[in-house]
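Undergrad: Build me a model:
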Amino acid sequence: MLRLPAALLGAALALAGCAGIPAPAPTAAPLHAGLPLEATAPLILVSIDGFRNDYLERGLTPALSALARDGVRAEYMRPSYPSITFPNHYTLVTGLRPDHHGVIANFMTDPSIPGVRFSMFDPATVGDERWWDDGKPLWTSVREQGGRAAAMFWVGSEAPVHGARPEYWRPFDIKVSSEDRVRQVLEWLALPAAERPHFITLYFDRVDSMGHEHGPDSPELDQALGEVDSALGHLLQGIDALGLGQRVNLVVVSDHGMAATGPEQEFFLDDLVDVSRLDFGWTGAYASFDALPGGEVAARQLLGRHEHMDCMTRGQIPARFEYGRHRRVPAYICIGDPGWQITTRAAMQRKGHRLRGEHGYDNQLPDMRSPFIAHGPAFGQGVVIAPIDNVDVYPLLARVLGIAPGANDGDAARTAATLRDR
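TA: Numbers count the residues shown, from 1 in each chain. Okay, the predicted model is just below:
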């Protein structure tokens, strides 16, 4: 059993036994009878959004540090480009780069879906499988191969991708506390064996939010680290209280890191060209856009190196980013130097606040790195592996679950040393 610091023990047993949030009914009957839990230990994939890899060194995450010490970890994990939330969360559960699974940004358009603009804030587009079907998420494969899945929030889980959602799922609601998210997962684990999920996702956003609002070196960020780590500690203690302490595998990751920024590091494209005829898909660490009628001259004027950014066509994006070939990627992109925000005055006004932390930069930068930590009966103890890419997580998850993976961009060899029996 994992030995956690004594400060984490107090509320955990009560948390496991609380009525808490009622578990929603399954969205549909399992596609098959279901794999027996004796064949596959439950696997929980946890994402702490915006958790930069070096946050582990702050001494503020005792539960996560115990998992890393007693289980396995990578030196660090590289996100895919662009290092933002929706593309990388979908990469983690498909093993595909954004250029292949098609979720190329948090906001996007698609010539095959005319008149619709995808937004991470729009339930109608988030729940529309057409935006997700270029990839097949792990929970769909689990269902197809006889298992059961649950999502306590995850990018893509609100749409019937390839015809199926997880059996149990919750639409994203930022107001649900970290503790309540853990409570829901424990309720799913407490289900009878014939109903219990084999694969569960759990998502925390608090660290990312505080990183954006206050910066990666702020007291508010440190407080968020403690809050999420406490919830994770309660999850571990609740698992033990259910008698599953030797049965559950956990993999803890993040989608990207965080870089310090601020109002003094904002570059306005309006200062260079007339942006009124440019259609922006994204502004921030990079700006991507298409030219509206009459806007081609302005778009072309931006091409090249400028102070604090490089602008290019999507065909000129460096090959190492493995990005720019999907039909949804806008025609032009301006990539900011580390810490700089590339935006317009109109976009900044719509945003309504100034950021102190940002991500979306070159995925090779240290500030964009995230952790990979795994613990449980499938994994070794005290193992540290070389850096991995986040596409490498998917084939490992499939192997731990005992299912055949879909086609993916990952390399199973890079994580093979994490497994107890390999």
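Undergrad: What strands line up against the helix or strand where Leu202 lies, and which way round?
TA: Element membership for Leu202 (DSSP states H and E) is strand 199-204. Note on strand 199-204: by DSSP bridges, its sheet partners are strand 43-48 (parallel), strand 149-152 (parallel).
Undergrad: Can you spell out which helices and strands pack onto the helix or strand that it is followed by?
TA: Using DSSP H and E, the next helix or strand after strand 199-204 towards the C-terminus is helix 206-214. For helix 206-214, the packing partners by 3 or more Cβ pairs under 8 Å, 6 or more residues apart in numbering; DSSP states H and E come out as helix 219-241, strand 357-358. Every residue, glycine included, has its C-beta placed from N, CA and C.
Undergrad: tell me the angle the following helix or strand past the longest one makes with strand 199-204.
TA: Using DSSP H and E, the helix or strand that follows helix 219-241 towards the C-terminus is strand 249-253. Here strand 249-253 points in a direction 40 degrees away from that of strand 199-204 (axes from the mean of the first three to the mean of the last three Cα atoms, to 10 degrees).
Undergrad: domain parsing for the chain?
TA: For the chain, the structural domains run 6-260+364-418, 263-354, going by automatic domain parsing.
Undergrad: from the ones you listed, which stretch is densest packed?
TA: Neighbour counts (mean count of other Cβ atoms under 10 Å) averaged over each of the domains of the chain peak at domain 6-260+364-418, with a mean of 20.
Undergrad: looking at the chain, which helix or strand does the model trust least?
TA: Of all helical and strand segments in the chain, the minimum by mean pLDDT, DSSP states H and E falls on helix 12-17, at a mean of 42.
Undergrad: want to throw the helices and strands packed on helix 206-214 into TSV with distance to Glu213?
TA: Below are the helices and strands packed on helix 206-214 laid out as TSV (distance: least, Cβ to Cβ, whole Å):
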stretch	distance to Glu213
helix 219-241	7
strand 357-358	8
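Undergrad: Nearest to Phe321, out of those?
TA: Proximity of those to Phe321 was assessed by Cβ to Cβ; the nearest stretch is strand 357-358, lying at 17.6 Å.
Undergrad: What's the first helix or strand after that closest one?
TA: Using DSSP H and E, the helix or strand that follows strand 357-358 in sequence is strand 372-375.
Undergrad: now what about that following strand, what contacts it?
TA: Contacts to strand 372-375, defined as Cβ atoms under 8 Å, 6 or more residues apart in numbering, come from residues 2, 64, 67-68, 70-74, 76-77, 249-253, 388, 393, 396, 418.
Undergrad: among those residues, which are in helices?
TA: Of the contacts of strand 372-375, the ones assigned to helices by DSSP state H are 64, 67-68, 70, 393, 396.
Undergrad: in which helix or strand would I find the residue nearest to Leu303 when sequence neighbours are not counted?
TA: Once flanking residues are discounted, Leu303 sits nearest to Cys311: 5.2 Å by Cβ to Cβ, 6 or more residues apart in numbering. For Cys311, the host element (DSSP H and E) is strand 309-313.
Undergrad: Adjacent strands (with direction) for that strand?
TA: Strand 309-313 has the following strand partners under DSSP bridges: strand 304-306 (antiparallel), strand 332-336 (antiparallel).
Undergrad: Which one, of those strands, ends up nearest to Ile174?
TA: The nearest among the strands paired with strand 309-313, by Cβ to Cβ, is strand 332-336 at 26.3 Å.
Undergrad: and the closest one, what's its mean pLDDT?
TA: The average pLDDT within strand 332-336 is 98.
Undergrad: which element follows it toward the C-terminus?
TA: strand 341-343.
Undergrad: List the contacts of that following strand.
TA: By Cβ under 8 Å, 6+ apart, strand 341-343 touches 261, 265-269, 283-287, 308-309, 334-336, 355, 358.
Undergrad: 10 Å instead, please
TA: Residues outside strand 341-343 that contact it (Cβ atoms under 10 Å, 6 or more residues apart in numbering): 261-263, 265-270, 275, 280, 282-288, 306, 308-311, 333-336, 347-349, 351, 354-355, 358, 360.
Undergrad: Residue most distant from the centroid, the protein?
TA: Gly294 (37.4 Å; Cα atoms, centre = their mean).
Undergrad: And the nearest residue to that one once chain neighbours are set aside, how far from Ala299?
TA: Using Cβ to Cβ, 6+ apart and skipping the chain neighbours, the partner closest in space to Gly294 is Arg277 (4.8 Å). With distances taken as Cβ to Cβ, to the nearest Å, Arg277 is found 9 Å from Ala299.
Undergrad: I am assuming Pro42 contacts Gln246, so please confirm or correct that.
TA: No: here Pro42 does not reach Gln246: they are 11.6 Å apart, not a contact under Cβ atoms under 10 Å.
Undergrad: what is in contact with these two at once?
TA: Taking Cβ under 10 Å, 6+ apart as the contact rule, Pro42 and Gln246 both touch 239, 376.
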